[in-house]
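A.B. asks: Just a sequence and a predicted model for now, questions to come.
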Amino acid sequence: MKKNYVQVQKCLIAFCCMLIAPVILFAQKPAVYPINWWVGMQHHQIQLLIKSGVPDSINRNQIQIDYPGVKLLKVHALDNKTYVAVDIDITASAKPGVVPIVFWAGNSKQTIQWPLYERRQGNGTQFAQGVNSGDFIYLIMPDRFSNGDPSNDRVPGMLDQSLNRDSIYLRHGGDFKGIINHLDYLQKLGITTLWLTPVIENDEPNRTEHGYSFTNHYKIEPRLGGESMYLELSNELHKRGMKLIQDAVYNHVGSKNIFFLDPPTHDWFHRWPTFTQTSYKDQPLYDPYASAIDKKITSDGWFTQKMPDLNQNNPYVANFLIQHAIWSVEKFGIDGWRIDTYIYNDLDFMNRCNTALEKEYPKITMFGETWVHGVSSQAYFVDNKINIPFKSNLQGATDFQLLFDGILPAVNQPFGWTEGVNRLYSTLAKDFLYTNPMRNVIFLDNHDLSRFFSEVKEDVDKQKMGIAWLLTSRGIPQMYYGTEVLMKGFSNPDGWVRLDFPGGWAGDKKNAFTGEGLSKDELAVQAYTKKLANFRKNSPALTHGKLMQYVPKDGVYVYFRYTDSQTIMCVMNTNEKEHQISWSNFAERTAGFHKGLNVMNDTEVGQDFSVPAKTLMIVELKK
């Protein structure tokens, strides 16, 4: 009897599943990417990627678009029959509205209502403004900065339900609202621009705190606040005259990405017979003696086993990524791009993508992560003066060379012919390779690297020296969150450099926003950063001036930033004892001036003065 009952129960369950399955399948909504567009765009010929809402092939001959000013140009059949790619032209006569896209999948007629909007106002003035050497970028990992809305810490249905601030790998709850709550702090600190680690949906089962494994390009991460709060953050920044940089990842996605789970074409991703990781070697891309397989492994190998590598040579993939980049700027008012893992992308594709963005947004700027070794290697990937077959159009790089071969050895190594501050001097001397080195972004640390304070063995004087260099050298300065309050940590593993900003959570004993609980040293470095960053804002020499550097002597490095209206003298004494400086040794820049003002303590400086040990003294010359 029990056996028969179990059999009957199984039959009932199976029968119910048979009834429910078609409902589930047919309840899935059809989708189109991009999810909307705008009238009056330079990029008006769009390729729509349409996915059926039923598990049946789309009839490419029965697609209809009937909307004034929108022309259907061509329909492309794809390997996966539940997708088609449709080329359309949004002509100059098109008006904002809803475009009905009608198609048949099997015997099912499906309609997508596709929005066409009025363009955002203020291209180049209110958004897509670009960043330049007059800006000061602050890099934030949103999950670790401040929790402004605990209600979105966990989102039902998402794979990663972790929430544990005691873990360096799990989610902590920071969000856009937390950043918005503290814009006053950032602006008073002297920050002009925010760069956030990726904000796009990462519906992966673990390690979602960093954001670099996209699962749906057209969704903003709901645990950060979603699309509405990202728009609010952008609007609040622009109201203050501040800017927003979005972190772009063209090279790879997450293993739960909607297109990896159901690829539109068989070659949407780079496929290998067995898992093949990139060699992380940049040399095969420019080595005149490189083998073809080494080049392929660098570019087409996967970044990690859980980050599928996009095939940007597939024209549908390329169109998808370029359109998404333009869509993001128009939708959210982005001012600039930081491009992740730049060297592992197809470089011809990147040139094409950069060109499309610049055509639509002439003032937008882009800088790429070029984690390589050697100035010539780094220069290869950006707009340069080198006579080589491939010419990159990337405007600037994240300047790893001025970190690895610049400021770190300058403050940590004893002075020598090729050591110490001489390495910083020598690295800057190679700027002749770049078309415009002022577009490079300089930094002390970031979300992948050991924090500068740990690198200098928690020496507060060296931390100040690093910050002073960051805010007086050439290029666009970028500070990682918490550097101003001596956050520390080594990058092995990386979670230790991604700890919570003090005061970002209710109940924190330390609060860097108010100063409560901070040590004397933490308060001092915070005040130091604030004073110098705000002086820099109004200094034509430090923001846009020329650079002249002198050969270092006895561990002392002197450089000038200057314009016709202002001259700033910077003296970096890397020694353990004070050093005497005489203007007469730098007459090319000091001639005509009679006194100076120490920018950091507002005291007058004569033409012969002493620089304390482990100090970068900043002197504004006066007539």
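C.D. replies: Looks like it came in fine. Since the model is a prediction, treat every value here as computed from it, not as a measurement.
A.B. asks: Off-centre distance for stretch 375-386?
C.D. replies: Relative to the chain's own centre, stretch 375-386 is displaced by 20 Å; criterion: CA atoms, centre = their mean, to the nearest Å.
A.B. asks: Surely Pro156 is within a strand?
C.D. replies: No. Per DSSP: H, G, I helix; E, B strand; the rest coil, Pro156 lies outside any strand segment and is coil.
A.B. asks: For burial, what's the neighbour tally of it?
C.D. replies: Neighbourhood size, Pro156 [other CB atoms under 10 Å]: 6. (C-beta placed from N, C-alpha, C; glycine too.)
A.B. asks: Okay, it and Glu204: tell me how far apart.
C.D. replies: Pro156 sits 16 Å away from Glu204, taking CB to CB, to the nearest Å as the criterion.
A.B. asks: Let's see stretch 579-597 as PDB, backbone CA atoms only.
C.D. replies: C-alpha atoms of stretch 579-597 as PDB (Å, rounded to 0.1, in the frame of the first residue of the first chain):
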ATOM      1  CA  HIS A 579      69.300  69.100   4.400                       C
ATOM      2  CA  GLN A 580      70.200  72.700   3.400                       C
ATOM      3  CA  ILE A 581      68.800  74.100   0.200                       C
ATOM      4  CA  SER A 582      70.000  77.200  -1.700                       C
ATOM      5  CA  TRP A 583      68.000  78.900  -4.400                       C
ATOM      6  CA  SER A 584      71.200  79.700  -6.300                       C
ATOM      7  CA  ASN A 585      71.500  76.100  -7.400                       C
ATOM      8  CA  PHE A 586      68.100  76.400  -9.200                       C
ATOM      9  CA  ALA A 587      68.500  79.800 -10.800                       C
ATOM     10  CA  GLU A 588      66.700  78.800 -14.000                       C
ATOM     11  CA  ARG A 589      63.500  78.700 -12.000                       C
ATOM     12  CA  THR A 590      64.100  80.800  -9.000                       C
ATOM     13  CA  ALA A 591      65.500  83.900 -10.800                       C
ATOM     14  CA  GLY A 592      63.300  87.000 -10.200                       C
ATOM     15  CA  PHE A 593      61.800  85.700  -7.000                       C
ATOM     16  CA  HIS A 594      62.900  87.000  -3.600                       C
ATOM     17  CA  LYS A 595      61.000  84.900  -1.000                       C
ATOM     18  CA  GLY A 596      58.800  81.900  -0.600                       C
ATOM     19  CA  LEU A 597      55.800  80.600   1.400                       C
END
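A.B. asks: Dihedrals phi and psi, the residue lying closest to Glu455 once chain neighbours are set aside?
C.D. replies: In space, and not counting its chain neighbours, Glu455 is closest to Leu408: 6.1 Å by CB to CB, 6 or more residues apart in numbering. Backbone torsions of Leu408, given as degrees, to the nearest 10, read phi -60, psi -50.
A.B. asks: Verify the stated contact: Leu408 with Lys457.
C.D. replies: No. Judged on CB atoms under 8 Å, Leu408 makes no contact with Lys457 at a distance of 11.8 Å.
A.B. asks: confidence score at the residue nearest to Glu455?
C.D. replies: You'll see Leu408 listed with a pLDDT of 98.
A.B. asks: count of neighbours near Val98?
C.D. replies: Neighbourhood size, Val98 [other CB under 10 Å]: 11.
A.B. asks: Tell me which helix or strand it sits in.
C.D. replies: In this structure, Val98 sits in strand 97-105 according to DSSP states H and E.
A.B. asks: who touches that strand?
C.D. replies: 30, 32, 48, 50, 52-54, 56-59, 62-67, 70, 82, 84, 86, 109-116 (CB atoms under 8 Å, 6 or more residues apart in numbering).
A.B. asks: swap the cut-off to 7 Å and go again
C.D. replies: Here strand 97-105 makes contact (CB atoms under 7 Å, 6 or more residues apart in numbering) with 32, 50, 52, 54, 56-59, 62-67, 70, 109-116.
A.B. asks: That one - what's its average pLDDT?
C.D. replies: 97.
A.B. asks: next one: that strand to chain centre, how far?
C.D. replies: With CA atoms, centre = their mean as the basis, strand 97-105 stands 35 Å off its chain's centre.
A.B. asks: Mind listing what's buried along that strand?
C.D. replies: Gly97, Val99, Ile101, Phe103, Trp104, Ala105 (16 or more other CB atoms under 10 Å).
A.B. asks: cool, stretch 570-582 as well?
C.D. replies: Buried residues in stretch 570-582 (16+ other CB under 10 Å): Cys570, Val571, Met572, Asn573, Thr574, Asn575, His579, Ile581.
A.B. asks: same question, stretch 286-293
C.D. replies: The neighbour-count check on stretch 286-293 (16+ other CB under 10 Å) flags Tyr286 as buried.
A.B. asks: what about it, start to end distance?
C.D. replies: Using CA to CA, to the nearest Å, the end-to-end distance of stretch 286-293 comes to 13 Å.
A.B. asks: Can you show me the helices along the stretch 1-150 of the chain?
C.D. replies: Using DSSP state H, counting those that start in this stretch, the helices of the stretch 1-150 of the chain run over residues 2-27.
A.B. asks: what residue ranges in it are flagged as low confidence?
C.D. replies: Scanning the stretch 1-150 of the chain for pLDDT under 70 picks out 1-27.
A.B. asks: And the stretch 501-623 of the chain, by the same measure?
C.D. replies: Nowhere does the stretch 501-623 of the chain drop to pLDDT under 70.
A.B. asks: returning to what we had before: for the buried residues of stretch 570-582, work out which two are farthest apart.
C.D. replies: The span of those, defined through CB to CB, is set by Cys570 and Asn575 at 15.8 Å.
A.B. asks: ok, Leu408 and Lys457, which is more surrounded?
C.D. replies: Using other CB under 10 Å as the criterion, Leu408 and Lys457 rank with Leu408 on top: 21 against 8.
A.B. asks: Next one: that one from Lys462, what distance?
C.D. replies: The gap separating Leu408 from Lys462 is 10 Å, by CB to CB.
A.B. asks: before we move on, could you check phi and psi at the most centrally placed residue in the chain?
C.D. replies: For the chain, the residue nearest the mean C-alpha position is Asp247 (2.9 Å; CA atoms, centre = their mean). Main-chain dihedrals, Asp247, degrees, to the nearest 10: phi -90, psi 110.
A.B. asks: how about the nearest residue to it, chain neighbours excluded?
C.D. replies: Spatial nearest neighbour of Asp247, excluding adjacent residues (CB to CB, 6+ apart): Pro198 at 4.6 Å.
A.B. asks: show me what contacts Lys243?
C.D. replies: Lys243 makes contact with Gln129, Val131, Asp135, Thr192, Thr193, Leu237, Asp335, Gly336 under the criterion CB under 7 Å, 6+ apart.
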